[in-house]
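Visitor: Got a predicted model here, sequence first, then my questions.
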Amino acid sequence: MSSEVESKCRAAADAARELSNVSAAAKNIALNAMGEALLKSAKVILDANSVDISAADKKGMSKTLIDRLALDGKRIQSMAEGLSVVAKLPDPIGEVISEFKRPNGLKIKKIRVPLGVIGIIYEARPNVTVDSAALCLKAGNAVVLRGGSDAINSNIAIAKTISSGAYSAGIPEGSIQLIEDTRRETAEEFMRMRQYIDVLIPRGGAGLIKSIVENSRIPTIETGEGNCHAYVESTADLKMASDIVFNAKVSRPSVCNAIETLLVDEKIAAKFFPIILNRLEQAGVEIRGDKRTRDIYPAAKSATEQDWATEFLALIIAVKVVSGVDEAIEHINRYSTKHSETIVTGDKKAAEKFTSRIDSAAVYVNASTRFTDGGEFGFGAEIGISTQKLHARGPMGLNELTSYKYVVQGSGQVREK
């Protein structure tokens, strides 16, 4: 007798073969039906979410993590709107990426195709259930979801709702699967399902990603961990810099595109720190600075070596004074998780040096790192933000959930060598 994991992965693989040939129009109808189903079932979903929130409170979960877990009417409306947005995006499947003719007469086309079955392992963010299912379906992939125990009731309610909506609109049954058993052993079994799952995408904290990358037998795309930086260069407009840093740290500190470290040029540190650090402290941010920062701003706590490498996901920021753009680049490339970094500057050459030498997925000039997001990049929803280089990097939209194949048209050619 097969386990829940194996039976659901096998069912997804069976569905994927049919789903790869479903028309764009049919997928769009299904996505809109999924959105309508979410709105109709809002009360059921919110009731399930309240059970998860209550359990999280009893466990002492932090406010920032509860914020990720919590749903309300506005967030459900936003998830439904996200499904509508994905439905309106161009369907990538069948796109001819390139075509050419060989001297022997063979006509070769490179055509975009689905990956097949995508596995998603994620933590306490119920919206991931919807975003993942939407993007996978639109790109012709079946999906097997494995959320964390903290959001299990929410995930079950959402998955039942959207899968029912999709199947009623003609999508092959089995295309959207949720593993309901949240034990560690189940996750380990899931990571061995290479015969059914084509790629595994973890969405969560550093511990989850590290565990999956090291233990999965399925090809894995690293996503999410964001030790992001802002560097304020000596020619920066200080009001602009203050607004960018404040937004990047405070607007939503629990997400991966929030900054964790602020680097400030020594030429302007004495002038800029009273502006930005007072503003951050008033918003409840804990300041951890190096010695030069503390000399200028004595209220800062002492930063440790570990602070430079930490994704706080909280109202904490590490602050360092640097001698210039070269030291800023060296620091970032040493400690960054290769997610998102920004420079605030009025110097075009400093900006060019920063963008060319920083080895991260998204590099900004005079803008907040909070824009590293599939929706903000115009991709609709996103499956995650890849911090690696194969095969996708940065916000992963529809194209990043596809592969390609070559279709070769001949007229009787045979190879002679």
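Guide: Nice, I can see it.
Visitor: any weak-confidence spans in this structure?
Guide: For the chain, the stretches flagged by pLDDT under 70 are 1.
Visitor: Could you look up the SS state of the residue of it most remote from its centre?
Guide: In the chain, the residue that sits farthest from the middle, by C-alpha atoms, centre = their mean, is residue 416; the gap is 48.7 Å. Secondary structure, DSSP: H, G, I helix; E, B strand; the rest coil: residue 416 is coil.
Visitor: Need the phi and psi values for it.
Guide: phi -100, psi -10 (degrees, to the nearest 10).
Visitor: Same question for residue 113.
Guide: phi -130, psi 160.
Visitor: Mind splitting this protein into its structural domains?
Guide: Annotated domains of the chain cover 4-223+383-409, 228-371 [automatic domain parsing].
Visitor: any chance of these in a markdown table, plus mean neighbour count and distance to residue 377?
Guide: (C-beta placed from N, C-alpha, C; glycine too.) Compiled in a markdown table, the domains of the chain are given as follows (neighbours: other C-beta atoms under 10 Å; distance: least, C-beta to C-beta, whole Å):
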| stretch | mean neighbour count | distance to residue 377 |
| --- | --- | --- |
| domain 4-223+383-409 | 19 | 5 |
| domain 228-371 | 19 | 8 |
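Visitor: who's in contact with the closest residue in space to residue 304 that isn't next to it in sequence?
Guide: Counting by C-beta to C-beta, 6 or more residues apart in numbering, residue 304 lies nearest to residue 288, which is 7.7 Å off, once chain neighbours are set aside. Counting by C-beta atoms under 8 Å, 6 or more residues apart in numbering, residue 288 touches 300-304, 307, 316-319.
Visitor: strand partners of the helix or strand containing residue 288, parallel vs antiparallel please.
Guide: Residue 288 is part of strand 286-289, with elements assigned from DSSP states H and E. In the sheet, strand 286-289 lines up against strand 301-302 (parallel), strand 316-322 (parallel) (DSSP bridges).
Visitor: closest to residue 26 out of these?
Guide: strand 316-322 (47.7 Å; C-beta to C-beta).
Visitor: And the contacts of the following helix or strand past that closest one?
Guide: The helix or strand immediately downstream of strand 316-322 is helix 325-335, counting by DSSP H and E. Outside helix 325-335, the residues within contact range by C-beta under 8 Å, 6+ apart are 227, 229, 231, 233, 261, 263, 265, 308-309, 320, 322, 341, 343, 350, 353-354, 357-360.
Visitor: hey, where'd the helices end up in the stretch 201-350 of the chain?
Guide: Applying DSSP state H, counting those that start in this stretch to the stretch 201-350 of the chain gives helices spanning 206-215, 238-250, 269-282, 291-296, 305-308, 325-335, 348-357.
Visitor: before we move on, the earlier item: among the strands paired with strand 286-289, which comes closest to residue 121?
Guide: The nearest among the strands paired with strand 286-289, by C-beta to C-beta, is strand 316-322 at 26.7 Å.
Visitor: Show me what the spatially closest residue to residue 358 that is not a sequence neighbour bridges to in the sheet.
Guide: Excluding the flanking residues, the one nearest residue 358 by C-beta to C-beta, 6+ apart is residue 341, at 5.3 Å. Residues in a beta bridge with residue 341, per DSSP bridges, are residue 229, residue 363.
Visitor: my guess is residue 341 meets residue 248, correct?
Guide: No - contact criterion C-beta atoms under 8 Å: residue 341 and residue 248 do not qualify, at 10.2 Å.
Visitor: Can you check which residues contact both of the two?
Guide: 228, 230, 369.
Visitor: Tell me the one among those nearest to residue 97.
Guide: residue 369 (30.6 Å).
Visitor: residues contacting the closest residue to that closest one other than its chain neighbours?
Guide: Once flanking residues are discounted, residue 369 sits nearest to residue 340: 4.0 Å by C-beta to C-beta, 6+ apart. Residues in contact with residue 340 (C-beta under 8 Å, 6+ apart) are 226, 228, 257, 360-364, 369, 372.
Visitor: rerun at 6 Å
Guide: Residues near residue 340 by C-beta atoms under 6 Å, 6 or more residues apart in numbering: 228, 257, 362, 369, 372.
Visitor: again, but for residue 180
Guide: residue 156.
Visitor: How about the secondary structure of residue 181?
Guide: Taking three-state DSSP, the label given to residue 181 is coil.
Visitor: out of the strands paired with strand 286-289, which comes closest to residue 66?
Guide: strand 316-322 (17.3 Å).
Visitor: Could you check the angle that closest one makes with helix 325-335?
Guide: Counting by axes from the mean of the first three to the mean of the last three C-alpha atoms, to 10 degrees, strand 316-322 lies at 140 degrees to helix 325-335.
Visitor: what's the angle between strand 316-322 and helix 269-282?
Guide: 180 degrees.
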